[in-house]
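# quick one, structure for this:
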Amino acid sequence: NIAVGMEMFDHTYQQVLNLWSAGELDQAEFLKKVHWYANWKFDFVLYKDIIDFIKKSNIRLVGMNLPPHIPRKIAIGGIDSLSNDEKKHLPKKIDTSNADHRAYVEKVFNQHNVKGIESFEFFYTAQCVWEDTMAESVAISLKDDQMIVLTGNGHIIRKFGIPDRAFNRTGASFR
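Take a look at the predicted model:
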């Protein structure tokens, strides 16, 4: 009763992830169908053993993310810059109220000068959309399973990213 949620995959690839977990795809076909290098860019070799284990063990693999262009668009132009189709990928609840999280993200924002991203408010909203989407994916996918979540450290630091947001949706314990 284990599921593995991975930031590397957005939820639009869930059917492909299901095929992988069922052992119905080879590696080359899997990488092609999930557009690995277009969407993630990190060398697949870094994740190969985990992803192979998921397939070998028929573990449910969950795409936790939203399409990668959406947070970037929000960071540049806010949620209003999204099309109606893009807005369909947003989580039901977006929490921007955590002052400690805001301060942490603002520190990160001030350390980087990303061309085109000038508004901290848009940047912060994008971060919260990103983390609430992954937390919502956990909540929807948890069912009666235990879930292992693989994501970047910035989304779990001090628990105010994905962990607290998933807990607020599920009440499920985590570590």
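# so how far is residue 65 from residue 155?
As judged by CB to CB, to the nearest Å, residue 155 and residue 65 stand 10 Å apart. The way it works is simple: take the backbone N, C-alpha and C, and place the C-beta from them, glycine included.
# list residues touching both of these two?
Taking CB atoms under 8 Å, 6 or more residues apart in numbering as the criterion, residue 155 and residue 65 both touch 7, 130, 134.
# so where does the first one fall, helix or strand?
Yep, that's residue 7 we're talking about. strand 2-10 (DSSP states H and E).
# buried residues, that strand. List them.
3, 4, 5, 6, 7, 8, 9, 10 (16 or more other CB atoms under 10 Å).
# contacting residues around the nearest residue to residue 68 once chain neighbours are set aside?
Of all residues not flanking residue 68 in the chain, residue 39 sits nearest, at 5.5 Å (CB to CB, 6 or more residues apart in numbering). Residues in contact with residue 39 (CB under 8 Å, 6+ apart) are 8, 9, 10, 68.
# got TSV for the residues you listed, with distance to residue 61 too?
Below are the contacts of residue 39 laid out as TSV (distance: CB to CB, whole Å):
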residue	distance to residue 61
8	10
9	8
10	13
68	18
